[in-house]
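**Student:** below are the sequence and a predicted model; questions follow.
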Amino acid sequence: MEGTPIRPQDTDQLLQSILSEARQNNQGKVASYIPALANVDPECTAIAMVTNQGQFFQAGDADTPFSIQSISKIFGLVMAMRRSGNTVWQRVNMEPSGQPFNSIVQLEWEYGIPRNPFINAGAIVIADMLVSQYSTSKLAFIGFLRQLAGTDRLYVDEEVYESELTHGSRNAAMAYLMHSFGNMEADVDQVLEHYFYQCSIPITCKQLARSLCFLANRGVDPFTDESICSRRDAHRVNAILSTSGMYDQSGEFAFSVGLPAKSGVGGAIAAIIPGLGAVVAWSPRLNHFGNSHRGMTMITRLAEEMGLSVF
Ligand code: DON
């Protein structure tokens with residue numbers, strides 16, 4: 001583990017103060033287009049920061065699991081890059097979309113090649129690669145996440161999974177459109193099942209922050225010293241997170257925070273702090289971009305107070 005440790009007492013106090021401030025923000029609505037997600041307590045609020053030095057800081061409900069949702073797209077992409085290398089980029093682009101995460105129109109104009117791997121269409125192409133490359137892609141996915149989170153106790157939430165399957169028409173429409181353009185290799189239903197499965201895994205802020213430290217450490221997991229991806233691929237993932245991880249709010253996020261980050265409709269925002277570690281903030285009420293209101297407040301204040309921007 002390299003780098004300078006940060007001061008524990010100051011950091012605990014800062015996270016506590018950030019959490020109290022965020023709790024004043026009652027804007028937004030819990031995602032309900034996947035009905036099982038609407039069951040979560042909207043008041044839950046948490047932040048956890050994990051450093052490459054092995055320090056853990058937290059405030060609020062940092063040990064309460066939430067639905068990982070789109071943040072799973074990071075792990076799917078890294079798995080596909082490990083197996084397919086540069087060929088990934090023949091099937092998915094690396095440009096911001098400027099459209100909502102579940103937009104379908106651009107796909108038709110652009111011949112079934114999604115703008116980037118972090119919008120739904122892009123993650124479905126990545127899921128297709130995983131289904132084609134692994135005999136049991138769902139098990140491979142959860143195994144990879146368990147390894148990075150440092151726990152064997154991560155399981156899919158069957159209720160959320162079923163809810164996604166039965167309310168997934170929009171994602172299915174994108175998958176079949178890509179199939180019609182020849183950008184889908186495996187069985188489309190199997191690809192959708194994999195995609196919904198990876199979105200339906202509950203995880204805590206602490207576990208997720210730890211899972212992402214390799215991206216802040218040139219591709220090496222600082223807890224195990226294992227190489228998770230090449231330095232070049234860690235750079236590439238962080239670059240696309242910076243331009244596309246917060247969907248059509250990515251520009252504003254770069255402007256006000258300045259960290260590679262990814263959000264999910266479960267209400268979490270995960271940010272990579274290159275050289276230092278990772279931070280995850282969670283609270284379920286979302287803004288109209290699909291990003292957590294309180295999560296935005298917490299990550300913005302943390303980045304300002306600690307001077308974390310990479311720019
Ligand atoms: O496919 C969906 O719409 C969800 N399972 C994931 C979307 C998501 O998390 C977008 N993030 N803000």
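**Tutor:** That came through fine. Numbers count the residues shown, from 1 in each chain.
**Student:** what does the stretch 51-200 of the chain put close to the ligand?
**Tutor:** 69, 70, 101, 102, 120, 164, 171, 199 (C-beta under 6 Å from any ligand atom). In this view, the C-beta of every residue, glycine as well, is placed from N, C-alpha and C.
**Student:** what's the answer for the stretch 201-311 of the chain, then?
**Tutor:** By C-beta under 6 Å from any ligand atom, the residues of the stretch 201-311 of the chain that approach the ligand are 263, 264, 265, 290.
**Student:** which of those has the most neighbours?
**Tutor:** Using other C-beta atoms under 10 Å as the neighbour test, those are led by residue 263, with 31 neighbours.
**Student:** bridged to it, which residues?
**Tutor:** Assessed by DSSP bridges, residue 263 has beta-bridge partners residue 269.
**Student:** run through the residues that contact it.
**Tutor:** By C-beta atoms under 8 Å, 6 or more residues apart in numbering, residue 263 lies in contact with 70, 71, 245, 246, 247, 269, 270, 290, 291, 292, 295.
**Student:** same thing but 7 Å
**Tutor:** Counting by C-beta atoms under 7 Å, 6 or more residues apart in numbering, residue 263 makes contact with 70, 246, 269, 290, 291, 292.
**Student:** can you list the domain ranges for the chain.
**Tutor:** Domains of the chain are assigned by automatic domain parsing as 8-67+203-306, 70-199.
**Student:** how about CSV for the ones you listed, with mean pLDDT added?
**Tutor:** Output for the domains of the chain, formatted as CSV (pLDDT from 0 to 100):
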stretch, mean pLDDT
domain 8-67+203-306, 97
domain 70-199, 97
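**Student:** can you tell me which of the ones you listed is most buried?
**Tutor:** domain 8-67+203-306 (a mean of 21; mean count of other C-beta atoms under 10 Å).
**Student:** quick one: residue 5 from the ligand, how far?
**Tutor:** Separation of residue 5 from the ligand (C-beta to the nearest ligand atom, to the nearest Å): 33 Å.
**Student:** let me redo that: residue 219
**Tutor:** For residue 219 relative to the ligand (C-beta to the nearest ligand atom), the value is 25 Å.
**Student:** also residue 207?
**Tutor:** Residue 207 is 17 Å from the ligand, by C-beta to the nearest ligand atom.
**Student:** over to residue 126?
**Tutor:** 13 Å.
**Student:** ranges for the strands of the stretch 51-200 of the chain?
**Tutor:** Ranges of strands in the stretch 51-200 of the chain, per DSSP state E, counting those that start in this stretch, are 56-60, 66-67.
**Student:** biggest separation within the residues of the stretch 51-200 of the chain next to the ligand, which pair?
**Tutor:** 101 and 164 (14.2 Å; C-beta to C-beta).
**Student:** for the residue in the stretch 101-250 of the chain positioned nearest to the ligand, which non-adjacent residue is closest in space?
**Tutor:** Using C-beta to the nearest ligand atom, residue 199 is the residue of the stretch 101-250 of the chain that sits closest to the ligand, at 3.7 Å. With sequence-adjacent residues excluded and distances taken as C-beta to C-beta, 6 or more residues apart in numbering, residue 199 is closest to residue 69, at 5.0 Å.
**Student:** find me the pLDDT at the one you found, would you?
**Tutor:** The per-residue pLDDT reported for residue 69 equals 98.
**Student:** ok, it - contacts?
**Tutor:** By C-beta under 7 Å, 6+ apart, the contact list for residue 69 reads 199, 264, 265, 266.
**Student:** could you do residue 47 as well?
**Tutor:** Applying C-beta under 7 Å, 6+ apart to residue 47 gives the contacts 15, 18, 19, 58, 59, 60, 62, 205, 279, 281, 298.
**Student:** what's the closest non-adjacent residue to the last one?
**Tutor:** I take that to be residue 298. residue 281 is the one closest to residue 298 (C-beta to C-beta, 6+ apart), at 4.0 Å.
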